[in-house]
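# sequence-free structure coming up:
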Ligand code: PGA
């Protein structure tokens, strides 16, 4: 997979109506079809919208894949409130694991993240594993990693492309088949600065993906 990967993380935003508006605006992506060569787009909506995004994409032949933002560290069973990998696989092909917002707000530990990864792989979900720096543990079987320094998330203060590239290169020195994304305050203005770096294979976009027009520009400019 040598395509530039562009992942949207919609976080805990969008009601059903707002999601429909987002999709109706995002359909315009098809007018820029030739800008999509060599790009792979993955949208990660909240759980309750996974089905809607997937079926809309199928109906309108949108060139996107679907990812979840989280997965239970447990397999199916008596775990009230959890959504497990086997269930998610009905609606998505990818899953974000290890976002700093989950590590920090929900106490997710390396051990939990490794269980989430194992179960995702067991059911055929592709993990997009997030690290906040060079020192995070990366579970076995992960192929796509997103480097997101905490200071850059939602702050309007991205890392420098040079540092992002250096971190990506360091992680790749462990395993040169890893795909490394950069995330943290990516916009349509700065996206190319990251995607042109030799070790950066794509971007993970939070806030700027909430606006479909801006997200299309990011895809176009990447
Ligand atoms: P941001 O978020 O683009 O709003 O900085 C990125 C993320 O948290 O995945």
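All right, it came through fine. Predicted, not measured: the structure shown is a model, and the values here were computed from it.
# helix, strand or coil: sort out residue 162 for me.
Here residue 162 is recorded as helix under DSSP: H, G, I helix; E, B strand; the rest coil.
# what residues are up against it?
Going by C-beta atoms under 8 Å, 6 or more residues apart in numbering, residue 162 touches residue 197. C-beta here means a position set from N, CA and C on the backbone, and glycine is covered the same way.
# for it, give its distance to the ligand.
Separation of residue 162 from the ligand (C-beta to the nearest ligand atom, to the nearest Å) stands at 19 Å.
# and the closest residue to the ligand within the chain, what pLDDT?
Residue nearest to the ligand within the chain (C-beta to the nearest ligand atom): residue 206, separated by 2.2 Å. You'll see residue 206 listed with a pLDDT of 98.
# now do residue 2
69.
# so what does whichever strand or helix holds residue 8 touch, helix or strand wise?
Element membership of residue 8 [criterion: DSSP states H and E] is strand 4-9. Contact partners of strand 4-9 among helices and strands, from 3 or more C-beta pairs under 8 Å, 6 or more residues apart in numbering; DSSP states H and E: strand 39-44, strand 94-97, strand 179-183, strand 202-205, helix 212-221.
# of all the ones you listed, which one is nearest residue 165?
Evaluated over those, closeness to residue 165 peaks at strand 179-183, with 8.4 Å, by C-beta to C-beta.
# the inter-axis angle of the closest one versus strand 4-9?
Strand 179-183 runs at 50 degrees relative to strand 4-9, counting by axes from the mean of the first three to the mean of the last three C-alpha atoms, to 10 degrees.
# go through the next helix or strand after strand 179-183 and flag the buried ones.
Sequence order places helix 191-195 as the next helix or strand after strand 179-183, per DSSP H and E. Buried residues in helix 191-195, counted by 16 or more other C-beta atoms under 10 Å: 191, 193, 194, 195.
# for the chain, which residues are neighbours of the ligand?
Within the chain, the positions adjacent to the ligand are 9, 148, 153-154, 183-186, 204-208 by C-beta under 6 Å from any ligand atom.
# ok so, going back, quick one: distance of the strand holding residue 8 to the chain centre.
Strand 4-9 sits 6 Å away from the centroid of its parent chain (C-alpha atoms, centre = their mean, to the nearest Å).
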